[in-house]
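Participant: Here is my input; please provide its structure:
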Amino acid sequence: MQRKTAAAFGIAAMAAAIVIAACERGAQELTAPNAAAAVAGPRHAATQDLVGTPDLVVNPSVLASSWNVREEDFVEGQCSVEEGNIPTGTHRSLRFSVLIENHGDADLYVGDPLLHMDPNQDGNFSDQDGLFEFASCHKHFHFRNYARYELLRVNADGSLGAPVQSRKRGFCMLDTTPTQTDESPPKGRFYMNCGNLTLHGNQGISTGFGDEYVKQLPGQLFLLTDPNEPVGPGNYIIRVTANPPFVAQNGEVCPVKDPQGFCHMFKEKSYDNNVGEVRIVIPDRVGRTGYGPGAGQYKEELDAAHHPEAHGSH
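Facilitator: Okay, the predicted model is just below:
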């Protein structure tokens, strides 16, 4: 995943994110359990804004301009193969970029993943708060249930069928893309490092910024030739939901509930603007260049040799 953050700041060795607090903790408390320690770390180009509430919005323009149906080779060692359970070989894929912006009046603050995975810092993760999972191929932590990707068929009468594929996605949250939605003057990025098992990170999304995962990254796709969920040609909707609602199961944490009683990973100003959609056409034939507005822009080596800083540039 080629992140704009890497190009701008050279964070070539950094990796992903880690866990946050228990179910009963409030939304703004879903920050680093030791906020003072996190702020006292390396000097940043901007200051935090924690007064108010974040509000995540999926940028539909990035989704609409980036999708691409193509044939590509999946080989041993790719993160999509190792973590996505994609069989090796040549497959047809639908790839797309996702930019999730913070339109709220406060940062979405996660902080240092290691303080969430190991609150008492004794080297034992048994006391983790359950908000992160370790991505073995990416070599960093992903924040659970950060987004949901769905592919829905458009029926002949224009109605939508049930999702033909649906995937939960965990992200490392960083300031990658200024959104220009903040009325204040442009500011520098504050959240710039994922962190990993040994390096402390600082995750979040500032007001006036977004976090972009480009289509070249592992997980930024639907496998159309999935043997269990094959997808034929036709009209479809790609739907991306940020901070999606869910029902906690099998010991999952439930940091906050909406008025309807569904769990979310963090509180927002509104849960009604978390969905971005684009209508697409999947053709009956495609080649290596692909079909769609993002055709010809893909570089397979980014999936094969993934780096956690590789967000950005759709």
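
Participant: low pLDDT regions in the stretch 1-150 of the chain?
Facilitator: Scanning the stretch 1-150 of the chain for pLDDT under 70 picks out 1-45.

Participant: Give me the sheet partners of the top strand by length along the chain and which way each runs.
Facilitator: Here the longest strand in the chain is taken by residue count, with DSSP state E as the criterion, and it is strand 140-154. Applying DSSP bridges, strand 140-154 is found paired with strand 132-135 (antiparallel), strand 160-171 (antiparallel), strand 234-242 (antiparallel).

Participant: Relative to S126, which of these is closest?
Facilitator: strand 132-135 (14.1 Å; CB to CB). Backbone N, C-alpha and C define where each C-beta goes, glycine included.

Participant: how far out from the middle of the chain is that closest one?
Facilitator: From the chain centre to the centre of strand 132-135 is a distance of 13 Å (CA atoms, centre = their mean, to the nearest Å).

Participant: in that strand, what counts as buried?
Facilitator: Applying a neighbour-count criterion of 16 or more other CB atoms under 10 Å, one finds 132-135 buried in strand 132-135.

Participant: before we move on, what about stretch 53-73?
Facilitator: By neighbour count, with 16+ other CB under 10 Å as the criterion, the buried positions of stretch 53-73 are 53-59, 62-72.

Participant: try stretch 161-180
Facilitator: 163-165, 169-179.

Participant: so which pair among these is furthest apart in space?
Facilitator: Put simply, by CB to CB the two of these set farthest apart are V164 and P178, 35.0 Å from each other.

Participant: What residues does the residue nearest the centre of the chain make contact with?
Facilitator: Among the residues of the chain, F171 comes closest to the average C-alpha position under CA atoms, centre = their mean, at 3.6 Å. When the contact criterion is CB atoms under 8 Å, 6 or more residues apart in numbering, the partners of F171 are 17, 100, 142-143, 146-147, 211, 213.

Participant: Can I get these in TSV including neighbour count and distance to A242?
Facilitator: Formatted as TSV, the entries for the contacts of F171 read as follows, by neighbours: other CB atoms under 10 Å; distance: CB to CB, whole Å:
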residue	neighbour count	distance to A242
A17	37	16
I100	27	5
H142	25	14
F143	26	12
Y146	24	7
A147	25	5
D211	30	10
Y213	27	12
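
Participant: ok, so of those residues, who is nearest T225?
Facilitator: Y213 (22.4 Å).

Participant: hey, what's the closest one bridged with?
Facilitator: Residues in a beta bridge with Y213, per DSSP bridges, are V98.

Participant: And it, how far from T176?
Facilitator: Using CB to CB, to the nearest Å, one obtains 9 Å as the distance from Y213 to T176.

Participant: same check, this time on D55
Facilitator: If you measure D55 against T176 using CB to CB, the figure is 18 Å.

Participant: so the residue lying farthest from the centre of the chain is in which element?
Facilitator: Seen from the C-alpha centroid of the chain, the residue lying at the greatest distance (CA atoms, centre = their mean) is D157, 32.7 Å away. With secondary structure defined by DSSP states H and E, D157 is part of neither a helix nor a strand.

Participant: separation between it and P163?
Facilitator: Distance from D157 to P163, counting by CB to CB: 18 Å.

Participant: Can you read off the backbone torsions of G84?
Facilitator: The phi and psi values for G84, taken as degrees, to the nearest 10, are phi -100, psi 0.

Participant: in a strand, that's where V69 is, yeah?
Facilitator: Yes: the assignment for V69 by DSSP: H, G, I helix; E, B strand; the rest coil puts it in a strand.

Participant: from memory it sits against L94, does it?
Facilitator: Yes: with contact defined as CB atoms under 8 Å, V69 reaches L94; the gap is 5.2 Å.

Participant: what sits in contact with each of these two?
Facilitator: With CB under 8 Å, 6+ apart, V69 and L94 have common neighbours 224, 280, 282.

Participant: Just the ones in strands from those, please.
Facilitator: Judged by DSSP E, those include 280, 282 as members of strands.

Participant: Kindly indicate which of the shared contacts of V69 and L94 lies nearest P293.
Facilitator: Compare each of the shared contacts of V69 and L94 with P293 using CB to CB and the shortest gap goes to I280, at 9.3 Å.

Participant: okay, now that closest one: neighbour count?
Facilitator: For I280, the number of neighbouring residues by other CB atoms under 10 Å comes to 22.

Participant: Over to M192?
Facilitator: Residues near M192, counting by other CB under 10 Å: 25.

Participant: Show me the strands in the stretch 201-314 of the chain, by range?
Facilitator: Listed in chain order, the strands of the stretch 201-314 of the chain (DSSP state E, counting those that start in this stretch) span 203-205, 209-213, 221-223, 234-242, 256-257, 263-264, 275-282.
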